[in-house]
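K.L.:
Following is a predicted model, sequence given first.
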Amino acid sequence: RKGLRLHDNPALIEAISSSIQVYPIFVIDPWFIKPNIIGINRFSFLLQCLHDLDTNLRLIGSRLYVIRGKPEDQLPILFDKWNINLLTYEKDTEPYARRRDEQINKLCRERLIKVSSHCSHTLFDPEQYIALSKGNVPTTYQSFQKLFSLCGSVRPHLPSPVIGDILSISSDDSQENNYNIPTLQELGYTDTVTTPYVGGETEALKRLQSHVLDRAQWVGKFEKPNTSPNSLEPSTTVLSPYLKFGCLSSTRFYNELSNIYSSLSNHSSPPVSLHGQLLWREFFYLSSYTTTNFDKMEGNSKCRQIPWNRDVDIIEKWKLGQTGYPFIDAIMTQLRIEGWIHHLARHMVACFLTRGDLWQHWEEGVKVFDLYLLDDDWALNNANWQWLSCSNFFYQYFRCYSPIA
């Protein structure tokens, strides 16, 4: 799950309001424990998010129960052990997650357990967009903006639960080690963590305060193309990893920005404003949700079928920052070490790998970003690679990023 926070968590709030005893759980699914696919920096960031969530839950008398194994195997055991009659969770739009959740829903129906799912990872449920568009899903950002405007106001974000909202667990349950958060080593990760970024809701809210709420004028003037990809310190908010893991609610972020914009006489607008970035996120989530085989070229009806190469040696040199182009190599080194790079840097190396210089398949670029990016997001990563390779969304083929200019 991606809702790793207390604030604006509708699934948690419903569980608290509807139940005598609440068990907040996170399942570490073996599907995702793949060190050669998901790198150590991102998995370390995830574990930090879990530790922070556990700490914050304990402050209000609860805890996080971390389960290891396939959800369809582990959850029925817990349903019986804890006598569960209600399961609440945040909706997930990725194909694997949708298949998994349908399995879990079926198990719950067989046990007469009520299931309640909530859309809180995006501003609106993709199904709402589909209904409003009558199935004619937008294929451009401009048409999506029109659809977004038909959805009405973004809902108010919910407050965090406090002491007294949730029944305190027993001391024995609090110390139960079977549900503790595992270490990286226990999960098979042996490399050194090198990212400077710390995961968790606590850090997300600190960054929201220092990089957004305390800089109203900067927020009002923010235009993403005018930020710098080669500054020594990030020139943007670096909130993307926290949005990816749900440490920061996109709804809260949107509403906080709205409050700032309302206090200013002038401010930037979509697509280049910070609101605009959240709308890009919504657009790509909707595209991924409604496109079969969205993460592939073949079988993807929206994607141009291009005879890309897959030269292992060329891709490996690009991946390791050994192309001989200093700017490209510096970006790839930063990606590998820190787990985050500026969006224009991402554009540069993606264009270079695909249509710009090396003519390698965009799917290979997706794999490398999957491995190294803290904010790797199935919908956004695949959408951006299709965009930068001129395979989907964007077709100005000769508008390339120069690796030396």
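P.N.:
It's in. All values reported here derive from a predicted model rather than from experimental measurement.

K.L.:
How many residues are close by the residue nearest to L388 when sequence neighbours are not counted?
P.N.:
Computed as Cβ to Cβ, 6 or more residues apart in numbering, the closest residue to L388 that is not its neighbour in sequence is A350, at 3.8 Å. C-beta: built from backbone N, CA, C; applies to glycine. Residues contacting A350 under the criterion other Cβ atoms under 10 Å number 23.

K.L.:
What of S402?
P.N.:
Applying other Cβ under 10 Å, I find that S402 has 12 neighbouring residues.

K.L.:
Quick check: it is in a helix.
P.N.:
No. Counting by DSSP: H, G, I helix; E, B strand; the rest coil, S402 is not part of a helix but coil.

K.L.:
Could you measure from it over to M332?
P.N.:
Here the criterion is Cβ to Cβ, to the nearest Å. By it, S402 lies 17 Å from M332.

K.L.:
hmm, back to that, assign the residue nearest to L388 to one of the three secondary structure states.
P.N.:
helix.

K.L.:
continuing past the helix or strand of the chain with the lowest mean pLDDT, what's the next helix or strand?
P.N.:
Lowest on mean pLDDT, DSSP states H and E among the helices and strands of the chain sits helix 171-174, with a mean of 64. Where DSSP states H and E defines the elements, the next helix or strand beyond helix 171-174 is helix 201-208.

K.L.:
And the helix or strand containing Q386, how far out from the chain middle?
P.N.:
Taking DSSP H and E as the definition, one finds Q386 inside helix 378-388. Mean-position distance between helix 378-388 and its chain equals 13 Å (Cα atoms, centre = their mean, to the nearest Å).

K.L.:
same question, stretch 233-253
P.N.:
Counting by Cα atoms, centre = their mean, stretch 233-253 is centred 9 Å from the centre of its parent chain.

K.L.:
And stretch 332-349, by the same measure?
P.N.:
That offset, for stretch 332-349, works out to 17 Å (Cα atoms, centre = their mean).

K.L.:
C-alpha coordinates for that stretch, CSV please?
P.N.:
Taking C-alpha atoms only, stretch 332-349 is exported to CSV below (Å, rounded to 0.1, in the frame of the first residue of the first chain):
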residue,chain,number,x,y,z
MET,A,332,23.3,8.8,-14.0
THR,A,333,25.8,8.9,-11.2
GLN,A,334,23.5,11.1,-9.1
LEU,A,335,20.6,8.8,-9.9
ARG,A,336,22.5,5.7,-8.8
ILE,A,337,23.9,7.3,-5.6
GLU,A,338,21.1,9.7,-4.4
GLY,A,339,18.0,8.1,-5.9
TRP,A,340,16.6,11.4,-7.1
ILE,A,341,17.4,13.7,-10.1
HIS,A,342,15.7,16.9,-11.4
HIS,A,343,12.9,16.4,-14.0
LEU,A,344,14.9,18.0,-16.7
ALA,A,345,17.9,15.7,-16.0
ARG,A,346,15.4,12.8,-16.3
HIS,A,347,14.3,14.2,-19.7
MET,A,348,18.0,14.6,-20.8
VAL,A,349,19.1,11.0,-20.1
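
K.L.:
Other residues contacting it?
P.N.:
The contact list for stretch 332-349 (Cβ atoms under 8 Å, 6 or more residues apart in numbering) reads 39, 41-42, 45, 194-197, 224-225, 227-230, 234-236, 238, 240-241, 318-321, 323, 327-328, 331, 365, 369, 372-375, 384, 388, 401, 403.

K.L.:
can you rerun that using 6 Å?
P.N.:
Residues from elsewhere that reach stretch 332-349 (Cβ atoms under 6 Å, 6 or more residues apart in numbering): N41, T194, T195, P229, G321, I328, I331, Y372, L374, L388, Y401.

K.L.:
How about stretch 371-380?
P.N.:
Against stretch 371-380 from outside (Cβ under 6 Å, 6+ apart): 39, 42, 45, 94, 240-241, 244, 284-285, 288, 335-336, 339-340, 369-370.

K.L.:
out of the residues you listed, who's nearest F32?
P.N.:
Each of these was checked against F32 using Cβ to Cβ; the closest is R42, at 10.0 Å.

K.L.:
Am I right that that closest one is in a strand?
P.N.:
No. Secondary structure of R42 (three-state DSSP): helix, not part of a strand.

K.L.:
who's in contact with it?
P.N.:
Neighbour list for R42: L374 [criterion: Cβ under 6 Å, 6+ apart].

K.L.:
Could you check the pLDDT of R1?
P.N.:
On the pLDDT scale, R1 is placed at 79.
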